[in-house]
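> This is a predicted model, with the sequence first.
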Amino acid sequence: MSDVTIDQPLVSDGAPPPRPVSLRQPRLPRWAPAAVAAGAIAAGCGIGLGAALSSRIQWGLIAAGLFVIVMYALAARVEGRRQATDRLATSLVWVCFLLAVVPLVSLIWETVARGIKVLDGNFLTHSMAGVLTIQPGGGVYHAIIGTLEQVGIATAIAAPVGLLTAVYLVEYGRGRLAKAVTFFVDVMTGIPSIVAGLFILSFWILMLDFGYSGFAGSMALAILMMPVVVRSTEEMLKLVPNELREASLALGVPKWRTILKVVLPTAIGGIATGVTLAIARIAGESAPIVLLVFGSQVINNNPFDGAQSSLPYYIYEQWAAGNDASYARAWAAALVLIAFVMILNLVARGIARWKAPKTGR
Amino acid sequence: MDITSSTADSSPPARPGAKPGSKAANAAKGATRPGDRIFLALSRGSGLLLLVIMAAIAAFLAVRATNALSHNEGNFFTTFEWSANATPPVFGIAVLAFGTIVSSLIAMIIAVPVAIGVALFISHYAPRRLAAPLAYVIDLLAAVPSIVYGLWGALFLVPHLGGLYSWMNDYLGWTGVFAYHDGAARSLFTIGILLAIMILPIVTSVSREVFLQAPKMHEEAALALGATRWEVIRMAVLPFGRSGVISASMLGLGRALGETMAVATVLSPSFTIGKSLLDPGGGTFAQNIASSFKESGEIGKDALIASGLVLFVLTLLVNGAARLIIARRKEYSE
Amino acid sequence: MAKRIDVSGLSAYYGTHKAIDDISMTVEPRSVTAFIGPSGCGKSTFLRTLNRMHEVTPGGRVEGKVMLDDENLYGAGVDPVSVRRTVGMVFQRPNPFPTMSIYENVAAGIRLNGGRIRKAELDDVVEKSLQGANLWKEVKDRLNKPGAGLSGGQQQRLCIARAIAVEPQVLLMDEPCSALDPISTLAIEDLIGELKERFTIVIVTHNMQQAARVSDRTAFFNLAGVGQPGKLVEIDETARIFSNPSVQATEDYISGRFG
């Protein structure tokens, strides 16, 4: 096709020869992709059954591969190379989407389907005290208490520090200290949770010789939470228009009162959203808990003394016990944990929408 | 990736300390009021506290690690053994480093192309009514705790991968790398797949944001030249998003390297480097720390801390590289 | 290669909002037709319906017919990609691809349709297109430099070169000079005068002097009221529109009484 284009003189004198360009291109009918997809899935299942491939994953991969190839071949025959490439890209993007969605949906589905079996009032209100791991029964009460306390203390430490640091960076920060803080906040965001756990272990337990406790875990969680709070608060404070600050300062309000009474209240919705998302993130952390809280079968309401449990740790422990009763408890606890995290996320989005940007655009 | 950062990204104002800073300069100089002084001290103190924590992490890990290394009878980098509680203690990170890097690389090879595809799907292919809820769901999935991925990986994914692995063994077994001898599929390759699934949401989120920011006018220019949708993406979207995708992948890599509990639940560890990636065995830094911790004495714990220090440095390098790419991109686009 | 455009009963929507209502007109081949009118009267929207760019906007929808000679752009089985190759477009803000060199920018459209083109042939097309856009002399020594390094006026001419390199039948220009200084504007206007020998040109402009200078025919668009769709008021020889329009609103607009 291209040669036709090129052979034409570009700057033509007199009447140029009319170029036969058709706006109509042979196109596959609109239902073609759907039909090919259906065919590919049928063929995938057929081959899977026929060859007795045990894993559904193979069936899916065969179907996806067939779909991409057949679509490309069809389009190349009917519509030409460029359209075929476009179709190929579209098919691949769809296949990627399905490849991503299938495991994620399966994860949620399995957790809900398997977790719901043991999840009841008894499960939520009892600990594992006196329950052998191979017996059914028992519950997550002690783990819920542990998670709430540990996350609560971590938030109580990390939220003020994170918030004040963000205020410092946005409202005061200049010079080398601010640059260093900005840089290390970035670095801190990338610390693996197990490393934070090791730090508290070497500092709090090995050097200062305190025992395992919920509080030790909280400190590690706080380290993981701080940079997240700083980042999100910083972004929110930057959105507060400078005119607001100037208006307040011009009224003779001292800077600290301006920050407390004007800047922070304007950004409070976004800040709360950020803190809530940070809480959701640390609530699912299990690695530091393994190192610092040690795990427990019984209710321990005191986070400052003695081993506790937590939801993520409980899941790990029940999985490690390795029998049907404990697996069932692990799934149920996973469901509780996911629900907890999702509710926090929804709350965060709710706050974000409710306190939507007053800064306007 | 979440609401906070996306709103911030799309609005132009204020690099840190740009405008507010200049104004703060005057105010800070005249900060004679006790209220101002206290407030400044508090907020500066918080910033300093963060720096102190970072320094303390490095220092404490280093001190404990030195202690462990001074007792080590093996070579820390080349020994294929982890008997840190024996007398004399012998341990080396070779197997852990291999497992960590290989599983993370497998995760990247699987996750990055798929994440780019999903990000493009959301930003350019999905019907508009579907795109927004999809983006939201993917963001929610980024919040699923890693232990849940671990549980799902151990009890659901592993049994389903056995068939696939036998199949790969039939066709690719001759390579050695993809040989598979029956048994639970609790191998480094499985870890790679699981890590890929875990980092997919975050890589997708960040890439999607970048693709959505690609200037409309360049997309229209390509369209007006008679480009198909894919050609528009290739001409006007991918070049613009390249560095963003790279830094997103690096962030994902950072997470994969440090992932602990999901690996500890799924992998069946051993202190060997097997020829095959599909057969069980191997280990990662984080997994080894979590799995061996409870049976460790003092030197054992210090040895684990030493391996943690290596992991710390590794993630620092990866995250540093990601930040560098992001910073370059900012300069380029401003 | 220039073609006549025949529009009949064309309306365009953004979602449920009707942006332009029931427009019919004829655009003569090898001439310049200017669209003028107050802001928001739908002239740019209408322009974008002429190469099916309107439907790229989320919610964009079109009713009616646009005949390019004897083929309806909105007919069943018509491929929008082919339409846009046939009807080229130049945008309000110069938008050369930032990651490509000057040469690659001009070659971009040809490479799309590509297959294998010999380097020499491609060089030839690039040179002719740049000459056609009066840019060759200024850039011939730096073809491999990024297109974004040029001045605004040069960038816009680069975009014109890019558009004519694929040899469209029609060239649409959406306020091509609104982001440029007077000297660059003059260069583009001169160029339009040359290009109309080869292409059917439609130009949207805010600047009535510009319409008077460059166009053969002028169409005046107006809004019936706030929130109402834009409508075509009249289209006629440019000289007549500016001296003796047949509708009072046109005269009011041209004499600066509103808009």
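That came through fine.

> For the chain, give me the ranges with low pLDDT.
Using chain A. A:1-22, A:54, A:355-361 (pLDDT under 70).

> could you do chain B instead?
For chain B (pLDDT under 70), the answer is B:1-32, B:329-334.

> care to break it down by domain?
B:17-71, B:95-333 (automatic domain parsing).

> How about the residues of the stretch 151-300 of chain B by chain C?
Within the stretch 151-300 of chain B, the positions near chain C by CB under 8 Å from any CB of the partner chain are B:215, B:217-218, B:220-228, B:231, B:235-236, B:239-240. C-betas here are computed from N, CA, C, even on glycine.

> So among those residues, which ones count as buried?
B:218, B:220-228, B:231, B:235-236, B:239-240 (16 or more other CB atoms under 10 Å in any protein chain shown).

> right, and the pair among the residues you listed with maximum separation?
Maximum pairwise distance among those (CB to CB): 20.3 Å, between B:Gly226 and B:Phe240.

> which residues touch the closest residue to chain B within the stretch 1-150 of chain C?
For the stretch 1-150 of chain C and chain B, the shortest gap (CB to the nearest CB) falls at C:Arg85, measuring 3.1 Å. Taking CB atoms under 8 Å, 6 or more residues apart in numbering or on different chains, we find C:Arg85 in contact with A:21, B:225-226, C:109, C:113, C:166, C:168.

> confidence score at it?
pLDDT for C:Arg85: 86.

> Go ahead and list the helix or strand containing it.
helix C:80-86 (DSSP states H and E).

> Following the chain onward from that helix, which element is next?
Past helix C:80-86, the next helix or strand by DSSP H and E is strand C:87-90.

> and that next one, anywhere near chain B?
Yes - residues of strand C:87-90 contacting chain B under CB under 8 Å from any CB: C:88-89.

> I'd like to know which elements the helix or strand just after that strand is packed against.
Next helix or strand after strand C:87-90 toward the C-terminus (DSSP H and E): helix C:102-113. Judged by 3 or more CB pairs under 8 Å, 6 or more residues apart in numbering or on different chains; DSSP states H and E, the packing partners of helix C:102-113 are helix A:2-7, helix C:119-132, helix C:152-165.

> With mean neighbour count added, can I get those helices in a markdown table?
Listed next are these as a markdown table, based on neighbours: other CB atoms under 10 Å in any protein chain shown:
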| stretch | mean neighbour count |
| --- | --- |
| helix A:2-7 | 14 |
| helix C:119-132 | 18 |
| helix C:152-165 | 25 |
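
> Make JSON lines out of those and add distance to C:Glu197.
JSON lines is the format used below for the helices and strands packed on helix C:102-113 (distance: least, CB to CB, whole Å):
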{"stretch": "helix A:2-7", "distance to C:Glu197": "20"}
{"stretch": "helix C:119-132", "distance to C:Glu197": "10"}
{"stretch": "helix C:152-165", "distance to C:Glu197": "12"}
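
> how about those in JSON lines, adding distance to chain B?
Below are those laid out as JSON lines (distance: least, CB to the nearest CB, whole Å):
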{"stretch": "helix A:2-7", "distance to chain B": "11"}
{"stretch": "helix C:119-132", "distance to chain B": "12"}
{"stretch": "helix C:152-165", "distance to chain B": "7"}
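
> Tell me which of the ones you listed sits nearest to B:Pro145.
Comparing these by CB to CB, helix C:152-165 comes nearest, at 50.6 Å.

> other SSEs contacting the closest one?
By 3+ CB pairs under 8 Å, 6+ apart, helix C:152-165 packs against helix B:216-224, strand C:87-90, helix C:102-113, helix C:119-132, helix C:136-139, strand C:170-174, helix C:182-195.

> For the longest helix along chain A, enumerate the helices and strands it packs against.
The helix spanning the most residues in chain A, taking DSSP state H as the definition, is helix A:81-115. The contact analysis (3+ CB pairs under 8 Å, 6+ apart) places helix A:81-115 against helix A:32-50, helix A:56-78, helix A:324-354, helix B:94-120, helix B:146-152, helix B:188-213, helix B:229-232.

> Which of the ones you listed has the highest mean neighbour count?
helix B:146-152 (a mean of 29; mean count of other CB atoms under 10 Å in any protein chain shown).

> Give me the contact list for it.
A:106-107, A:110-111, A:284-286, A:312, A:315-316, A:319, A:330-331, A:334, A:337-338, B:194, B:197-198, B:259-266.

> helix/strand/coil for C:Ala34?
strand (DSSP: H, G, I helix; E, B strand; the rest coil).

> circling back to that earlier point, kindly export whatever helix or strand comes next after the longest helix of chain A (C-alpha atoms) in CSV.
Using DSSP H and E, the next helix or strand after helix A:81-115 towards the C-terminus is helix A:121-125. Taking C-alpha atoms only, helix A:121-125 is exported to CSV below (Å, rounded to 0.1, in the frame of the first residue of the first chain):
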residue,chain,number,x,y,z
GLY,A,121,-20.1,-15.2,66.8
ASN,A,122,-18.2,-17.9,68.7
PHE,A,123,-15.2,-17.5,66.5
LEU,A,124,-15.0,-13.8,67.1
THR,A,125,-15.4,-13.9,70.8
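
> got the contact list for helix A:121-125?
Taking CB under 8 Å, 6+ apart as the rule, helix A:121-125 contacts A:137-141, A:144, A:329, A:332, A:336.

> Next, format the residues you listed as JSON lines and append distance to B:Pro280.
Below are the contacts of helix A:121-125 laid out as JSON lines (distance: CB to CB, whole Å):
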{"residue": "A:Gly137", "distance to B:Pro280": "33"}
{"residue": "A:Gly138", "distance to B:Pro280": "31"}
{"residue": "A:Gly139", "distance to B:Pro280": "33"}
{"residue": "A:Val140", "distance to B:Pro280": "31"}
{"residue": "A:Tyr141", "distance to B:Pro280": "36"}
{"residue": "A:Ile144", "distance to B:Pro280": "34"}
{"residue": "A:Arg329", "distance to B:Pro280": "26"}
{"residue": "A:Ala332", "distance to B:Pro280": "28"}
{"residue": "A:Val336", "distance to B:Pro280": "31"}
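
> Looking at the domains of chain B, which one is packed in the most?
The stretch of these with the highest mean neighbour count (mean count of other CB under 10 Å) is domain B:95-333, at a mean of 21.

> How far does it sit from its chain's centre?
7 Å (CA atoms, centre = their mean, to the nearest Å).

> what's the answer for stretch A:286-299, then?
For stretch A:286-299, the distance to the chain centre is 23 Å (CA atoms, centre = their mean).

> Stretch A:289-306 too?
The answer for stretch A:289-306 is 27 Å, by CA atoms, centre = their mean.

> Could you confirm whether it reaches chain B?
Yes - residues of stretch A:289-306 contacting chain B under CB under 8 Å from any CB: A:290-291.

> mean pLDDT lowest for which of the helices and strands packed on helix C:102-113?
helix A:2-7 (a mean of 38).

> A:Leu99: which of the helices and strands packed on helix A:81-115 is closest?
When the helices and strands packed on helix A:81-115 are compared (using CB to CB), the closest one is helix B:94-120, at 5.4 Å.
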